[in-house]
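here is my input; please provide its structure:
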Amino acid sequence: MQQEVIVAGFGGQGVLFAGKLLAYTAMEVGKEVTWIPSYGPEMRGGTANCTVVISDEEIGSAFVKNPTAVIAMNKPSLDKFEDLVAPGGVLVVNSSMVDRPVMRTDITVVSLPANEIAEALGSSKSVNMVVVGALLGNLDLLPMEAVEKALDDHTPERHKKFLKGNIEALHKGAAYQVAEKA
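Numbering: from 1, shown residues only. Take a look at the predicted model:
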């Protein structure tokens, strides 16, 4: 089976790291993977997204037209990617940064106040882990234990002090209930 995920938001929200974490995890559990970043020259504050393709078999193309899932960390990302989610797919929306409802009725929508959840856990920088957790809690993509291990393995030493909080953020996101079911 092949699953495609687009993670999108502003530069500085940890969009690219969230995608890398999914890619690292998939590699470590023996899957085939592609990870492609896309961002403007301004990076922090500008738009950023990445595409992750995870498959049991060789991946024919890293190009994704209709992803299985999209994580939209802000309104411009929702506006850009909502229509592309494959019917029956999953759309995770950071409602802290989005002021409109999702218009699609043929997909699973998980809308959660990721900024507020991260801040309540003590770090506004763990928003990306909250939304990744929400994706994992609502799509059979990767085992949480493997994601935790990959997070530990790929967190630089200087950031290890944030590991426990990031794992907690993953679990808080994963516990979030689906708002609408396709």
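
give the contact list for the closest residue to Phe162 other than its chain neighbours.
Here the nearest residue to Phe162 in space, its sequence neighbours aside, is Ser123; by Cβ to Cβ, 6 or more residues apart in numbering that works out to 6.5 Å. Placement of C-beta: from N, CA and C, glycine included. If you count contacts by Cβ atoms under 8 Å, 6 or more residues apart in numbering, Ser123 has them with 162, 165, 169.

most neighbours out of these, which is it?
The most neighbours of any of the contacts of Ser123, using other Cβ atoms under 10 Å, belong to Ala169, which has 27 neighbours.

tell me if it really is in a helix.
Yes - the assignment for Ala169 by DSSP: H, G, I helix; E, B strand; the rest coil puts it in a helix.

right, and Thr47 touches Pro76 too?
Yes - counting by Cβ atoms under 8 Å, Thr47 sits close enough to Pro76 to count as a contact (6.2 Å).

the more surrounded of those two?
Between Thr47 and Pro76, counting by other Cβ under 10 Å, Thr47 is the more crowded of the two (18 against 15).

now do the strands in the protein.
With DSSP state E as the criterion, the chain has strands at 2-10, 32-39, 47-55, 69-72, 90-94, 108-112.

which residues sit against the third one?
Looking back up the chat, that one is strand 47-55. Contact with strand 47-55 is made by 1-11, 13, 15-16, 18-20, 22-23, 26, 31-40, 59, 62, 64, 67, 76-77, 81, 141-142, as judged by Cβ under 8 Å, 6+ apart.
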